[in-house]
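Trainee: Generate coordinates for the sequence data below:
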Amino acid sequence: MKRFRRLFIANRGEVAARIAGTCDQLGVTPVFGVSEADRDAPYLRGRESIVLGAARSSESYLARERIIQAAVQTRCSALHPGWGFLAEDPLFASLCEAHGVTFIGPPAAVMQKLGRKTPAKASMAAAGLKLIPGSDGVLHGAEHARDVANAIGFPVLLKAESGGGGRGMRIVREASEMRAAYESAQSESLACFADGRLYLEKLIEGGRHIEIQLLADQYGEVVHLGERDCSVQRKHQKLIEESPATVLSEAEREQTLAAAVRATSAIGYVGAGTMEFLLDEHGELRFMEMNARLQVEHPVSEMRTGIDLVEAQIRIAGGERLWFSQDEIGLRGHAIECRINAEDPSSGFAPSPGVIARWELGLAEDEHVRVDTHVESGYEVPPHYDSLICKVIAWGENRDAACDRLAGALKSLRCDGISTTIPMHLAVLRSEEFRANRYDTRAVPGWES
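Mentor: Numbering: from 1, shown residues only. Purely as a prediction, here's the structure:
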């Protein structure tokens, strides 16, 4: 079993601050790789860091060789990629191991298999998970896509084989739209992922986005930490996440949780991972993909279980067995998270970089409220990266109590100098559709987006 003394954090912002907090608790020294734009960030104060390169991500947070060189140079025996950037890059994971640096994540071979969406879906089907009807593997062109769509019925969704985050994705409602949509999706997929291959699925309209949090050690033990509902979305980007998913029947929940554990074991997964599903109009959960990393919304599961998922990742990577069984995991109450971005929701969610003149948490300091952030008064939000400035997570005995607590925390949070998405979140939390669970992924409840 490895004991890491120094761990390199190859990420930024709230991600880096979050990982460092767990390192502190474990007695591990965090070392930060940063860009020129982040070199004076508040979370680096009194910490050890090394500048990777310019503000542009390709020259810093996506520069594989520079990051590994920095990790070796700073005598770090392990590296945590966080979530985003290189977190699901099998080449990066392989390079880390080749240079004697333990990658905090699943083996490169497993990551590579999951990164190719159609082989991953085949593996999940073999393990007993229900799939969304679609193409049998990647498509050979627009004509092939049209034939598959005619067979399963329109509307359909073209998706990038190596994609994620809504990129390389196009809705096609009739055969005449297929060629233009195919070429557009292929072009975006090539630009974003250097892979123009596409596959096709039946479009489930009015569905709910459900995901399952999983942990697996190196000895074949796999557990789940319940499910999350991530259906409040805008342009395929999640805004609010909660657990449990109260729209699920108990039978569907138990059946899918058990199947997800079996599938995770069958593919030889190691570490923390998330399976994503769509709940169709018949109340059935259908597998979409598995993310070989932690999700932004992982604190929701931590609030319900009391398990630190970053700690679990580090201990598993060090060769430890899971120190709890499935029966020992308690899923208490209800937890809900909202992502606060430096954006102006009243102006089409336009980015709002700039200096935060005043930052106060107010009631967010309640013992059942958690704030994950990297900002403070005087911090300048850079224009180069994702606009997330904090996550606010609240726990309650039931869904209404958790929502009320989250709304109270948001109303008391003070962020002057830039626009944020707080007004949108408050509108959602007050809306009748959201409180009554009458919404889906197509629109933000209570907000004209």
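Trainee: And the helices in the stretch 301-449 of the chain?
Mentor: For the stretch 301-449 of the chain, the helices defined by DSSP state H, counting those that start in this stretch cover 309-317, 399-412, 422-430, 432-435.
Trainee: Report the distance from the shortest one to the chain centre.
Mentor: In other words, helix 432-435. Offset of helix 432-435 from its chain centre (CA atoms, centre = their mean, to the nearest Å): 24 Å.
Trainee: Redo the helices of the stretch 301-449 of the chain as TSV? Include mean neighbour count.
Mentor: Quick note: C-beta positions are derived from backbone N, CA and C, even for glycine. Below are the helices of the stretch 301-449 of the chain laid out as TSV (neighbours: other CB atoms under 10 Å):
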stretch	mean neighbour count
helix 309-317	22
helix 399-412	19
helix 422-430	19
helix 432-435	15
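Trainee: looking at the ones you listed, which is closest to Leu114?
Mentor: helix 309-317 (16.2 Å; CB to CB).
Trainee: and the closest one, C-alpha only, in CSV?
Mentor: Provided in CSV are the C-alpha atoms of helix 309-317 (Å, rounded to 0.1, in the frame of the first residue of the first chain):
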residue,chain,number,x,y,z
LEU,A,309,-15.1,11.0,-2.2
VAL,A,310,-11.8,12.6,-2.8
GLU,A,311,-10.4,10.8,0.2
ALA,A,312,-11.8,7.6,-1.2
GLN,A,313,-10.1,8.2,-4.6
ILE,A,314,-6.7,8.9,-2.9
ARG,A,315,-6.9,5.9,-0.6
ILE,A,316,-8.0,3.5,-3.4
ALA,A,317,-5.2,4.8,-5.7
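Trainee: pLDDT on that helix, on average?
Mentor: Mean per-residue pLDDT for helix 309-317: 98.
Trainee: Including distance to Ile393, could the helices of the stretch 301-449 of the chain go into JSON lines?
Mentor: Conversion of these to JSON lines gives the following (distance: least, CB to CB, whole Å):
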{"stretch": "helix 309-317", "distance to Ile393": "13"}
{"stretch": "helix 399-412", "distance to Ile393": "8"}
{"stretch": "helix 422-430", "distance to Ile393": "12"}
{"stretch": "helix 432-435", "distance to Ile393": "17"}
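Trainee: Outline the domain layout of this protein.
Mentor: Here the domain parsing of the chain from automatic domain parsing is 6-104, 133-202, 208-435.
Trainee: picking that back up, Gly271 is nearest to which of the helices of the stretch 301-449 of the chain?
Mentor: helix 309-317 (5.6 Å).
Trainee: Pull the distance from stretch 237-256 to the chain's centre.
Mentor: 16 Å.
Trainee: which SS state does the residue of the chain positioned farthest from its centre fall under?
Mentor: Residue farthest from the centre of the chain, counting by CA atoms, centre = their mean, is Ser176 at 34.6 Å. Assigned by DSSP: H, G, I helix; E, B strand; the rest coil, the conformation of Ser176 is helix.
Trainee: Nearest to Gly207, out of the helices of the stretch 301-449 of the chain?
Mentor: Set against Gly207 and scored by CB to CB, the helices of the stretch 301-449 of the chain come closest in helix 432-435, at 15.5 Å.
Trainee: Tell me the helices and strands packed up against that closest one.
Mentor: On a contact count with 3 or more CB pairs under 8 Å, 6 or more residues apart in numbering; DSSP states H and E, helix 432-435 meets helix 399-412.
Trainee: The longest strand anywhere in the chain pairs with which strands, parallel or anti?
Mentor: Secondary structure of the chain per DSSP state E: the longest strand is strand 222-234. Counting by DSSP bridges, the strands paired with strand 222-234 are strand 208-216 (antiparallel), strand 237-243 (antiparallel).
Trainee: Save those as JSON lines, and put in mean pLDDT, distance to Val34 and mean neighbour count too.
Mentor: As requested, the strands paired with strand 222-234 are exported to JSON lines (pLDDT from 0 to 100; distance: least, CB to CB, whole Å; neighbours: other CB atoms under 10 Å):
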{"stretch": "strand 208-216", "mean pLDDT": "97", "distance to Val34": "29", "mean neighbour count": "25"}
{"stretch": "strand 237-243", "mean pLDDT": "96", "distance to Val34": "25", "mean neighbour count": "23"}
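Trainee: Done for today, thanks.
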